[in-house]
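[1] Provided below for reference: sequence and predicted model.
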Amino acid sequence: MSPLEQLQAKHRELANTRHVDIPVPGYDKQPPLLFVRYRLLEGTEISRMGDKIRRETKDKWQRQIFAAVDTFIAACKGFYVDAGDGARQELKYEGEHLTNYDIRLAEAMGFRDELPEQPTARAVAFSLFNSNDAAIAQHNALLNMWFADTSLDVQAELMGNL
């Protein structure tokens, strides 16, 4: 295969890659492993999130963490579990696939009682990550690397950074 044909094949691969599964820190060492499947975001979605966060807070660190969590929420396609055999299955609660950072996820994961009566998706995401800013930042770094290069093997990248 010529270099030009290789580049064309690479372009097709990049164009066809529309989601990635990223492990959730703390649920990623021993089975069952928890993954979140994310989709690519459009620039307009990212811009709207940034505008909203700039109105909410002036604190730079809080802006970064809110941007990360809001990106997780917007890009989330669903939660998946690997029982240790390498096969990812939909994480289901009451027979339905969990696809959002919502009250159903909190109930399924057993942290509903940690949340306010009417929890936001952001509150659910923070609880899933145990309000651990470093875990959120790590997860966000992997997601952003994939946004920049959808051919990236996130698992290999994660293992290389351990």
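    Nice, I can see it.
[2] which stretches in this structure count as helices?
    For the chain, applying DSSP state H gives helices covering 3-16, 43-56, 60-75, 103-109, 121-128, 133-148, 154-160.
[3] how about the third one: buried residues?
    So that's helix 60-75. Neighbour counts using 16 or more other CB atoms under 10 Å place Ile65, Phe66, Ala67, Ala68, Val69, Asp70, Thr71, Phe72, Ile73, Ala74, Ala75 of helix 60-75 among the buried residues. Just so you know, the C-beta spots here come from the backbone N, C-alpha and C atoms, and that holds for glycine as well.
[4] so the residue lying closest to the last one once chain neighbours are set aside versus Gln138, what's the distance?
    Spelled out, that is Ala75. Beyond its immediate neighbours in the sequence, the residue positioned closest to Ala75 (CB to CB, 6 or more residues apart in numbering) is Tyr38, lying 4.1 Å away. Noted for Tyr38: a distance of 14 Å to Gln138, by CB to CB, to the nearest Å.
[5] who has more neighbours out of these two?
    In this view Tyr38 and Gln138 are compared by other CB atoms under 10 Å, and Tyr38 has more residues nearby, 24 against 20.
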